[in-house]
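Engineer: Got a predicted model here, sequence first, then my questions.
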Amino acid sequence: MDQPRVLVTSVSKMGSTAEIAEVVAERLSAAGLEVDVVPTREVRSLEPYGAVVLGSAVYLSRWQREALTFLRRFGTELSRRPVWLFQSGPLDLSAEQQEIPLPRPVAAHAAGIHVRGHATFGGRIDPSRAEGLLARSMARGGMRDFRNFEQIRAWGDRIADELRSRSTAA
């Protein structure tokens with residue numbers, strides 16, 4: 001059986017989550033998988049894809065509305081293919097130290113589509129791109145990046161391994 005074409009899509013308010021999606025896509029591609037990286041708002045169909053990786057920035061323990069809309073809109077199609085979810089946002093090392101559950105609305109959708117796995121990665125804050133109170137509170141600290149790219153690459157490699165083993169077993 002052929003390797004599945006993989007969609008890696010994300011919702012990123014300030015670019016950090018999109019960068020994580022790019023790293024995951026690079027790992028999948030390096031493993032020989034055909035990968036498309038498309039912002040969630042631009043996805044019109046899942047028909048060409050045999051697997052999906054969806055990520056969202058998390059603010060106040062909530063996924064971006066656009067990511068939840070994607071889960072609702074494509075729920076039936078997602079239930080027919082392997083899906084992985086990731087979230088980014090903790091502005092500390094908690095994502096490396098413990099498993100952080102998906103927010104309830106996301107977990108409910110995930111159960112319905114039989115998500116193969118999920119991960120939480122640290123976030124990045126760039127005060128020059130932040131707005132309002134967040135920008136004022138972060139301005140003194142400068143850029144802060146809590147993403148662990150070794151962890152992100154390893155997660156992408158695990159997805160690639162699972163996809164390759166599924167296609168050779170079929």
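Structural biologist: Sure, I can see it. Numbers count the residues shown, from 1 in each chain.
Engineer: residue boundaries of the strands in the protein?
Structural biologist: Applying DSSP state E to the chain gives strands spanning 6-11, 35-37, 51-59, 62-63, 83-88, 117-121, 124-125, 144-145.
Engineer: Buried residues, the longest one. List them.
Structural biologist: By neighbour count, and taking 16 or more other Cβ atoms under 10 Å as the criterion, the buried residues in strand 51-59 are 51, 52, 53, 54, 55, 56, 57, 58. Glycine gets a C-beta too; all of them are placed from N, C-alpha and C.
Engineer: need those in TSV with pLDDT and distance to residue 110, can you?
Structural biologist: Formatted as TSV, the buried residues of strand 51-59 follow (pLDDT from 0 to 100; distance: Cβ to Cβ, whole Å):
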residue	pLDDT	distance to residue 110
51	97	15
52	98	12
53	98	13
54	98	10
55	98	13
56	98	12
57	95	17
58	93	14
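Engineer: For the chain, which residues score under the pLDDT cut-off?
Structural biologist: Applying pLDDT under 70 to the chain flags the ranges 1, 126-143, 167-170.
Engineer: okay, which residue is most central for it?
Structural biologist: Nearest to the mean C-alpha position of the chain, by Cα atoms, centre = their mean, lies residue 55 at 2.3 Å.
Engineer: hey, where'd the helices end up in the protein?
Structural biologist: In the chain, the segments counted as helices under DSSP state H are 16-30, 65-73, 75-78, 94-97, 104-113, 132-138, 149-169.
Engineer: Return the most buried member of those.
Structural biologist: helix 16-30 (a mean of 21; mean count of other Cβ atoms under 10 Å).
Engineer: elements contacting it?
Structural biologist: strand 6-11, strand 35-37, strand 51-59, strand 83-88, helix 149-169 (3 or more Cβ pairs under 8 Å, 6 or more residues apart in numbering; DSSP states H and E).
Engineer: Any idea how far that helix is from the middle of the chain?
Structural biologist: 9 Å (Cα atoms, centre = their mean, to the nearest Å).
Engineer: Just the closest of the buried residues of strand 51-59 to residue 166, please.
Structural biologist: Taking Cβ to Cβ as the measure, residue 166 lies nearest residue 51 of the buried residues of strand 51-59, at 8.7 Å.
Engineer: Make sure that closest one is actually in contact with residue 8.
Structural biologist: No. Residue 51 is not in contact with residue 8 according to Cβ atoms under 8 Å; the separation is 9.4 Å.
Engineer: Among the helices of the chain, which comes closest to residue 2?
Structural biologist: Proximity to residue 2 (Cβ to Cβ) singles out helix 149-169 among those, at 6.8 Å.
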